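# Sharing a model prediction with you, sequence too.
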Amino acid sequence: MIVALRVDERLIHGQIAMTWSKELKIKGIVVPNDEAAANEMQKMALKMAVPSDIKVLIKPVNEAIKVLNNPKAAAMRMLVLVKTIKDALTIVQNVPDIQYVNIGNVGKSVSGDKTELSSFVLLTDEEIENLKKLVELEPKTALQVVPSAEKKLAVDVLAQLKK
Amino acid sequence: MKKILVATHGQFADGVKSSLSILVGKTDSITFLNAYVNKEDVDETIDRFFADAAEDDELIIFTDLLGGSVNQKVTLRAQKHHAFIIAGFNLPIILEVLLASAPITKELLNQKLEECRKAMVLVEPEKLATVEDSEEDFLS
């Protein structure tokens, strides 16, 4: 069971390991990311961040989708972490029953022209288009950095941009 | 209600506040005492923390040094208030206590402390075995 799909360019870090994992009571974290999956050092560093009672799986996006669709995955409370809205869209298009699509920290490490949707979410035009498609599929997609912070619906934030 | 005091020498406490605001957001239930760096009266802040506590509040105090004067001051006052004092804290133990949903007991604190002591380690990535990411292991 995917309790949340979060877009966070830092992937597994303090907010995830300490705060979200407790709030969501997860047993596993899946990181669908092509670059991280191909880099042993990065995989090690990401795994180091995770509490010992939580399992981690770092896979290329297409392989992660297969794991998430494995019938056995329904029995496990999982958090799925992706780096970009584009990857989140790919997951949503290929995996059903995601309980919460969450936009966390995105865009600070991306260079080029960006629009500020919040102090934690800065998106390129391409990523804004991806977010629009994501919201069509998952209307409850929301910006929220930590569980105690305010949850802002992405659809409302996008509507503000047009003004 | 859970009430936490973080008391340190210098601005360490405010540094903790800054970290917590990133990691968990709100820090309303926590008092931060930066001793000996500004006009703030250390004894007064500690007294106020205890005075503001209700009978059924859970009081947990974190200090930076077991032998330090800040720890001595809170220890003397904590006696009659059933407050728990944790000296030489690290960030993980504050997070564990702050985010704990169960009532704070001596047993719970000892268990959390044991876990969090393990979070202070020499990082030796070369010693970490590179285990293959296996779908089977993950879902088992």
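Good, I have the coordinates. Numbering: from 1, shown residues only, chains lettered A, B, ... in the order given.

# Chain A contacts on chain B?
Applying Cβ under 8 Å from any Cβ of the partner chain, we find that chain B lies next to chain A at B:22-26, B:92, B:95, B:99, B:123, B:125, B:128, B:130, B:133, B:135, B:137-139. Bear in mind the C-beta positions are built from the backbone N, C-alpha and C, glycine included.

# how about 10 Å then?
Counting by Cβ under 10 Å from any Cβ of the partner chain, chain B comes close to chain A at B:19-28, B:91-92, B:95-96, B:98-101, B:115, B:118-119, B:121, B:123, B:125-126, B:128-131, B:133-140.

# Could you list which of those residues belong to helices?
Within the residues of chain B next to chain A, membership in helices is found for B:19-23, B:91-92, B:95-96, B:98-99, B:115, B:135-139, as judged by DSSP state H.

# rewinding a little: just the buried members of the residues of chain B next to chain A?
Buried members of these, counted by 16 or more other Cβ atoms under 10 Å in any protein chain shown: B:20, B:23-25, B:27, B:91-92, B:95-96, B:98-100, B:133, B:135, B:138-139.

# Point out where the chain drops to low pLDDT.
Unless you meant another one, I'm taking chain A. A:163 (pLDDT under 70).

# ah, no, chain B please
For chain B, the ranges with pLDDT under 70 are B:128-131.

# ranges for the strands of the chain?
I'll assume chain A. Using DSSP state E, the strands found in chain A span residues A:2-7, A:28-32, A:55-59, A:78-82, A:101-103, A:115-116, A:122-123, A:142-143, A:152-153.

# The chain in question should be chain B.
B:2-9, B:30-35, B:58-63, B:84-87.

# Ranking these by mean neighbour count, which comes first?
With neighbours taken as mean count of other Cβ atoms under 10 Å in any protein chain shown, the strands of chain B reach their highest mean count in strand B:58-63, at a mean of 23.

# related to what we said a few turns ago, can you pick out the most distant pair from the buried ones among the residues of chain B next to chain A?
B:T27 and B:E135 (39.8 Å; Cβ to Cβ).

# contacting residues around B:A35?
By Cβ atoms under 10 Å, 6 or more residues apart in numbering or on different chains, the contact set of B:A35 is B:7-13, B:41-43, B:45-46, B:63-64, B:68-70, B:73.

# do that again at 6 Å, thanks
B:H9, B:V42, B:V70 (Cβ atoms under 6 Å, 6 or more residues apart in numbering or on different chains).

# what bridges to it?
Beta-bridge pairing for B:A35 (DSSP bridges): B:H9.

# Now do it against B:E114, distance only.
Distance, B:A35 to B:E114, using Cβ to Cβ, to the nearest Å: 28 Å.
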